[in-house]
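**Q** Sequence and predicted model, in that order:
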Amino acid sequence: MLRELVWGDLQVLHLTDVHGWYQGHMKKSYPEPNYSGDWGDFASFVTHMRHLAKKKGVDLLLVDTGDLHDGAGLSDGYPAGQVDGQVSNQFHARVQFDMLTVGNHELYKYEVGWNTYQEFVPTTKGRYVSSNVNISHADLNGGAGNTSYVIGERFVKFQTDGGRNVTGLGVLFNFTGADSGITVQDPAKMVLEPWFIDAIQEESDVFLLTGHMPVRKDQFPTVVNAIRKVHPTTPIMVLGGHSHIRDCIIYDKYSMGIESGRYLETIGWLSMNFTDDVPTFNRSYIDANRRNYAFHAGLAHHPDKFDTKAGKKITSDMNQVAENWNLSMSYGTAPQDYYLQRVPVNDSSSLINFMTNKVLPTVISTSNPNRNGTPNIVIANTGSQRFDLYAGDFTKNDQYIVSPFTDAFQYIKNVPYKYASQVISKLNGDKTAQATSRRRDLGVDDEQSEEELYAQGHVSHIYNRWMQDQHVRATAHTEAARDLAKLDARAAAAAANRTLGYVTKDSCPGYGDDTVHTAIPYASVPDYVQSPVTGQNVTGNTTIDVIFLDFIAKNVVRILNGLQTEKNYTLDDVAAYNQYTIQDIYPLYAEQVWAGNATNNTSSSKEAFTIFNCASCHGNK
Ligand SMILES: Nc1ccn([C@@H]2O[C@H](COP(=O)(O)O)[C@@H](O)[C@H]2O)c(=O)n1
């Protein structure tokens, strides 16, 4: 069953953290088909929604809150000579947004930030807002030295089609991990700037406070409060991002904020009715697939009218780029799904189990011919793995999705096994505080605070906790649901028809998800894993090679020194083990082990969500 959107006088369709998933989710295993709409489908959806808004005589704005690339082939699989996101940004630009703002992933590498400024921002027709982010560059007008440029606009003021005055801001969290040449101002300082104070003086019908930061526990309240000092009752619509969750929060009677997930899985909806007294807000999280798009656009029963010419062209142009870049090239066929965090780590469907006990021993343990006779172990941080690996063709695109980092394999040779074998438990050791564990995972100094890590952009713990909450709630309700189902056959049938997906509980009234799902199970995984020792008759005094990712080299060295006093290890003892990075492990494995598997994966996840005869759609007359 799909839940209808509640329209108001003004609504925002919101996207965030697309991370390169412009081709949509292409696998057939659930929940992927729920998110099978691609950028062309999204473009068609937006066109229909804009028409619908016009027909209803209301306003509809389209907002994106950053992190456009890093995470899938169409952004990251670019040929040499280009910049990450350069081509995918061109597809993004084919849908005209009313406001956009910058994410931290646009700022890790100077050339990406500069390319955003030079090539992408001009396509947004003055609607890219980076209130607290600047990039410096040799003066473009030939002046001496460097000039600091606001990446977009500090703020925007515009009028909607319906004549409402909007003041828009685009604020990034207090990010400290930007490349040199890029500066991010703390939002707490930004609100004291003369330009900010000036920009918010004028009365608007609404403030559109966009930004790449979570809507709770970050600095949106700082900005809301600064606006409130001048405009106690003007409506503020807040659109956030960064932590990849679906979330909604009420700041005060006149403002509401939403965060709209990640990876082109979720399209957020925030609507508002202007009233003489207190505005009313509504929010929804739309599953990004053609069925849901057609349903909300009022076309569930007119599927032939859904695709626009422009939308179809975007899809075919993206497919062409994917073909040119070989993104659908299959390294082999995965015989089953491997889940990152859906099953315990000892389960045969665990990606971490598979990587540790099959992939690393097959492709890394044996990869250095000069160390052939020496036993070894391979240690990896599980944070290096980013997504499920689904049954079917394992493509070049999947390579960027599942294991995207280019962390190299290094080793320390001739470590007595009695010490080497203890490294993993020490790495996973002190579980007293999750923060400690995460600090270790990041390879940073023990003194570094949680706040510092957050400021560097690390937020995966927020998404994980959100998934865990959904699972815990689902498990708690299972008993009650079973009892209900016994009494009510219809409820049982409805529950049986649910697919896996997000089951959001946020802080706003009513249901948020537009589709009723069964929560995806969640199991936590250790921070680090180690492959079995190779070789035979390895005893405590046998010397072995300890192989690990360069990302955690410092930690391994420190731990080895804590375990023994015979040798003082330093980073000088660390050497490259092979030419591979963690991004290479599944392609190598697939070529060696899966290449012979038959492919029966020619259909697409989109087929699961045909909009023809949409049985679960209703309400579209
Ligand atoms: N080169 C890298 C960079 C990061 N990681 C892992 O990613 C985690 C940070 O993830 P966020 O989603 O919070 O940005 C970090 O803790 C590492 O586990 C990596 O493995 N290699």
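**A** Thanks, I have the structure now.
**Q** Now Tyr400. Nearest residue, chain neighbours left out?
**A** Asp76 (4.5 Å; C-beta to C-beta, 6 or more residues apart in numbering). (Each C-beta comes from the backbone N, C-alpha and C, glycine too.)
**Q** For the closest residue to the ligand within the stretch 101-250 of the chain, list the residues it contacts.
**A** Residue nearest to the ligand within the stretch 101-250 of the chain: His244 (7.9 Å; C-beta to the nearest ligand atom). Residues counted as contacts of His244 (C-beta atoms under 8 Å, 6 or more residues apart in numbering) are Asp17, Gly261, Arg262, Tyr263, Val459, Ile462, Tyr463.
**Q** Next: Ile352.
**A** Leu340, Val345, Thr382, Gln385, Val525, Pro526, Val529.
**Q** Pick the one among these closest to Lys313.
**A** Checking those against Lys313 with C-beta to C-beta, the nearest one is Leu340 at 34.5 Å.
**Q** How many neighbouring residues does the closest one have?
**A** By other C-beta atoms under 10 Å, the residues close to Leu340 number 19.
**Q** Please tell me how far it sits from Ala72.
**A** For Leu340, the distance to Ala72 (C-beta to C-beta, to the nearest Å) stands at 15 Å.
**Q** residue in the protein nearest to the ligand?
**A** For the chain, C-beta to the nearest ligand atom, closest residue to the ligand: Gly383, 1.8 Å.
**Q** wait, doesn't that residue sit right on Val459?
**A** No - if you go by C-beta atoms under 8 Å, Gly383 and Val459 don't touch, sitting 11.9 Å apart.
**Q** before we move on, the earlier item: secondary structure class for the residue of the stretch 101-250 of the chain closest to the ligand?
**A** coil (DSSP: H, G, I helix; E, B strand; the rest coil).
**Q** can you pull the pLDDT of it?
**A** In this prediction, His244 carries a pLDDT score of 98.
**Q** Kindly report the same for Asp347.
**A** 98.
**Q** what about it, how many neighbours?
**A** The burial count for Asp347: 15, using other C-beta under 10 Å.
**Q** Checking it next. Helix, strand or coil?
**A** Once three-state DSSP is applied, Asp347 turns out coil.
**Q** if I look at it, how far off is Met318?
**A** On the measure of C-beta to C-beta, Asp347 and Met318 end up 35 Å apart.
**Q** and the residue of the chain closest to the ligand, how many neighbours?
**A** The burial count for Gly383: 18, using other C-beta under 10 Å.
**Q** And the pLDDT at the most centrally placed residue in the chain?
**A** In the chain, the C-alpha nearest the mean C-alpha coordinate belongs to Arg262, at 4.3 Å (C-alpha atoms, centre = their mean). pLDDT recorded at Arg262 is 98.
**Q** Find the residue closest to it in space, skipping its chain neighbours.
**A** Closest to Arg262 by C-beta to C-beta, 6+ apart is His244, at 3.7 Å.
**Q** is it true that Gly66 touches Met99?
**A** No - Gly66 lies out of contact with Met99 (C-beta under 8 Å); the separation is 11.1 Å.
**Q** Give me the more crowded residue out of the two.
**A** Between Gly66 and Met99, counted using other C-beta under 10 Å, the more crowded position is Gly66 (29 against 26).
**Q** Now do the contacts for that one.
**A** 16-17, 100-106, 172, 212, 241-242.
**Q** Over to Gln341?
**A** Contacts of Gln341 by C-beta under 8 Å, 6+ apart are Asn464, Met467, Tyr522, Ala523, Ser524, Val525.
**Q** farthest-separated two in these?
**A** Going by C-beta to C-beta, the pair spanning those furthest: Met467 and Val525, at 12.0 Å.
**Q** which residues of the stretch 251-400 of the chain fall in helices?
**A** 290-296, 309-324, 351-354, 360-363, 396-402 (DSSP state H, counting those that start in this stretch).
**Q** residues near Ile585, how many?
**A** Neighbours of Ile585 using other C-beta under 10 Å come to 24.
**Q** Please apply the same query to Asn326.
**A** Neighbours of Asn326 (other C-beta under 10 Å): 13.
**Q** Go ahead and confirm it touches Lys396.
**A** Yes - A contact is recorded between Asn326 and Lys396 when judged using C-beta under 8 Å, the distance being 5.6 Å.
**Q** Mind listing the shared neighbours of these two?
**A** Common neighbours of Asn326 and Lys396 (C-beta under 8 Å, 6+ apart) are Gly77.
**Q** Grab the nearest non-local neighbour of Met467.
**A** Tyr522 (4.6 Å).
**Q** Residues of the protein that sit close to the ligand?
**A** Asn381, Gly383, Ser384, Phe405, Asp407, Asp441, Leu442, Gly457, His458, Val459, Ser460, Phe551 (C-beta under 6 Å from any ligand atom).
**Q** ends of stretch 60-75, how far apart?
**A** 28 Å (C-alpha to C-alpha, to the nearest Å).
**Q** returning to what we had before: name only those of the contacts of Gly66 that count as buried.
**A** In the contacts of Gly66, burial by neighbour count holds for 16-17, 100-106, 172, 212, 241-242, counting by 16 or more other C-beta atoms under 10 Å.
**Q** would you list those residues in TSV and tack on secondary structure?
**A** As requested, those are arranged in TSV below (three-state DSSP):
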residue	secondary structure
Thr16	coil
Asp17	coil
Leu100	strand
Thr101	strand
Val102	coil
Gly103	coil
Asn104	helix
His105	helix
Glu106	helix
Leu172	strand
His212	strand
Gly241	coil
His242	coil
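**Q** now those as a markdown table including distance to Ser367?
**A** Formatted as a markdown table, the buried ones among the contacts of Gly66 follow (distance: C-beta to C-beta, whole Å):
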| residue | distance to Ser367 |
| --- | --- |
| Thr16 | 39 |
| Asp17 | 34 |
| Leu100 | 43 |
| Thr101 | 43 |
| Val102 | 39 |
| Gly103 | 36 |
| Asn104 | 34 |
| His105 | 31 |
| Glu106 | 35 |
| Leu172 | 40 |
| His212 | 39 |
| Gly241 | 39 |
| His242 | 36 |
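**Q** quick one, helices of the stretch 451-600 of the chain?
**A** With DSSP H, counting those that start in this stretch as the criterion, the stretch 451-600 of the chain has helices spanning 460-487, 489-497, 553-563, 585-589.
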